[in-house]
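Chemist: Here you go, sequence then predicted model.
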Amino acid sequence: MSKQFHEVRDPIHAFVRLSTNERKVLNSRPLQRLRYIHQLALTYLVYPGATHRRFEHSLGVMELATRIFDVVTHQANLTDEMRNLLPEVTNDRDRLYWRDVLRMAALCHDIGHLPFSHAAEKELLPAGWKHEQLTAAIIRDGELGDILYNKMKLQPDDVIKLALGQKDAHNLDFSTWETILAQIIVGDAFGADRMDYLLRDSHHAGVAYGRFDHYRLIDTLRILPSPPAGEQEQTPGDDETEEAGDETEPSFQEPALGIQEGGLHTAEALMLARYFMFSQLYFHPIRRIYDIHLKDFLKQWLPDGRYSTGVAEHLRMTDSKVIDGFLKAAQDTGVPGHDPARRIAQREHFNRIYQRHPDDIKITSEPGQAVFEAAKQKFGEENVRWDRQPPKGGAPDFPVQSNDGRIASSMAISETLNRLPVPSFDYVFVEPTLHNKALNWIQTKRKDILESQEEEDHEKAQ
Amino acid sequence: MKRLNKAAIITQLTTKLRDSGSWCGETHIQKAMYLLQDLLNVPTEFTFVLYMHGPFSFDLRDELTSLRADGLLELKAQPTPYGPRFAPTQLSERLQEKFPKTLAKYGKAIKFVAKALGDKRVDELERIATALYVTKRRKSDGSVQSRAECLHRLKPHVSVSAAVKAVEKIDVLDKQAKTST
């Protein structure tokens, strides 16, 4: 008798299990390609262990998303209010259908990634394109679409919605239920994507910062009504507010993924893990400059300086092909992209001369840009690079259910979340032979440079 | 529009919303910015999609976080059970002083939106902003009823009668906006 379930060994989750049809998805070309896409781009040049790939991360997201789904849709963990609002959780057939959709969405959520993941995606795709559009195109069509639709009887658009969420599937309408399920995968606070990448990246890079008690965290996740967003919520309006709606309309708090009070500390640990991982790993300055050299190489080496947005060409393009390209270019001055390729292959990266300092934003809101513009004038455009990474996502504001059932904002009850810093990075780099000279220059001229930043209006008044 | 020009608009909108009595949580700023962009045609270029509580921009969410990192906005925790409120900082006042042309150009629109929405609760903001979303971005015969039904389909917890009132409110605001800004 053939096996109905198949196991994959995983260093983070021990075993990840798949059904026979799910294994067909895993064995499809778009998923197998992820074996050749590094999860953390060129980070392995700084943290040598960080050579893991999007393939195992995708399995990990599927595993964690399933665990979250099973906890938050367990009948014992739902209130009557949520059962009424989300009829899918009380209908076994619907629930199992959406569990399959969720698993496949989690497994496929990264299939549109370009080589070396996020590195400079914006500049290497045609205007208006993001890798998520490629994810949607691959899910909808061809080999993968055929397995999902014909063998598993899943609607590809349902898979796309959960894989991308509203942010990137904005041409599709989401029900409240679908919004919750998308949060399970790509959510800002408790998304399985985030949980897995923190745990996995931390493990492979050999840094402890990304760890948190994800078992406890998942066990305490619940679908909860959003906390009241203000005192006005408790004092229905005056005459004017009645114009906008019906004064008898009951107040409705949209449901969201939240947590029981007992899981609050591990939720805090997750948020701190993210902050530390961004500071220590994802925005490590040397890692960032390698990304910039890679982008410079690709802009010269790729036909027309851009990746193709055709699915067939996308599936052929992997990190292996790019690595082969830059290793060859590094040896041959005649190959486009020789200089940045050499910097990567021979570790002759640019060096940091400036990073954002809290005192500097009191002088100008864009200190890195000010230094970059001045450094270009001083040392030549080709010798200077600027890397500004503004923070993404919102505040860690989610519903917390206390032991007596009351709901409150996480930020009203957690001092830790209130004080969580916002990671933001702003670096300027110069060519290595200019490093000392540039450091001396900035040491003596910093104040003048920052004060020279032009911030006034660029638009004509009317 | 350049980032710092947008920052001047967002921080001034935050100030004006608070002056008009708004709680000024993220939802309040999101809906106000949506009206500013889609009703008042201020070209802030945020991408709005239908999400929790109606139109929502993930770009704007990122920008609000970025403004916190830059010391231009603060997120202040409130007593339990309430969500946090945004507040402008002294640094944001200095930033606004550097953008007199932008704020002269869009100041009336900012004031209009803040006055129109300052006293609204989140559920009211959701209905009004979604009514505008349906009016501007969904195909319909243009009648109040068809737009209200569309709103109800997208947000089933909003009754058709409440949706009708929200669509009517948007039509009134649209007329007022054309005459007063």
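Modeler: Done, it's in. Numbers count the residues shown, from 1 in each chain, chains lettered A, B, ... in the order given.
Chemist: for chain B, what spans make up the helices?
Modeler: For chain B, helices defined by DSSP state H occupy the ranges B:3-19, B:26-38, B:58-69, B:90-97, B:100-117, B:122-137, B:144-154, B:160-180.
Chemist: Take those and write them to TSV, including mean neighbour count.
Modeler: To be clear about C-beta, it is placed using only N, CA and C from the backbone, and glycine gets the same treatment. Listed next are these as TSV, based on neighbours: other CB atoms under 10 Å in any protein chain shown:
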stretch	mean neighbour count
helix B:3-19	23
helix B:26-38	25
helix B:58-69	21
helix B:90-97	16
helix B:100-117	20
helix B:122-137	25
helix B:144-154	19
helix B:160-180	18
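Chemist: Centroid-nearest residue for the chain?
Modeler: You didn't say which chain, so I picked chain A. The centroid of chain A falls nearest to residue A:194 when counting by CA atoms, centre = their mean (6.8 Å).
Chemist: You answered for a different chain; I wanted chain B.
Modeler: Most central in chain B (CA atoms, centre = their mean) works out to residue B:32, at 1.3 Å.
Chemist: Distance-wise, check it relative to chain A.
Modeler: In this structure, residue B:32 and chain A are 13 Å apart, going by CB to the nearest CB, to the nearest Å.
Chemist: closest to residue A:352 out of the helices of chain B?
Modeler: Nearest of those to residue A:352, taken as CB to CB: helix B:58-69 at 19.1 Å.
Chemist: Excluding its own residues, what touches the closest one? List them.
Modeler: A:166-167, A:390-395, A:422-424, B:3, B:6-7, B:10-11, B:26, B:29-30, B:33, B:46-47, B:49, B:73-75, B:86, B:92 (CB atoms under 8 Å, 6 or more residues apart in numbering or on different chains).
Chemist: Could you do stretch A:347-359 as well?
Modeler: For stretch A:347-359, using CB under 8 Å, 6+ apart, the contacting residues are A:45, A:285-286, A:289-290, A:292-293, A:342-343, A:367-368, A:371, A:375, A:383, A:385, A:424-432, A:435, A:438-439, A:442, B:71.
Chemist: Could you rerun that using 6 Å?
Modeler: Here stretch A:347-359 makes contact (CB atoms under 6 Å, 6 or more residues apart in numbering or on different chains) with A:285, A:289, A:343, A:367, A:371, A:385, A:426-432, A:435, A:438-439, A:442.
Chemist: Next up, the contacts around the closest residue to chain B within chain A.
Modeler: Nearest residue of chain A to chain B: residue A:230, at 2.8 Å (CB to the nearest CB). By CB under 6 Å, 6+ apart, residue A:230 lies in contact with B:23, B:25.
Chemist: Listing request: residues of the chain with sub-threshold pLDDT.
Modeler: Since you didn't name a chain, this refers to chain A. Scanning chain A with the threshold set as pLDDT under 70 gives A:1, A:118-119, A:231-252, A:454-462.
Chemist: Which residue ranges of it form strands?
Modeler: Counting by DSSP state E, chain A has strands at residues A:5-10, A:14-19, A:221-225, A:255-260, A:351-355, A:384-389, A:399-401, A:407-409, A:425-430.
Chemist: I appreciate the help and will end here.
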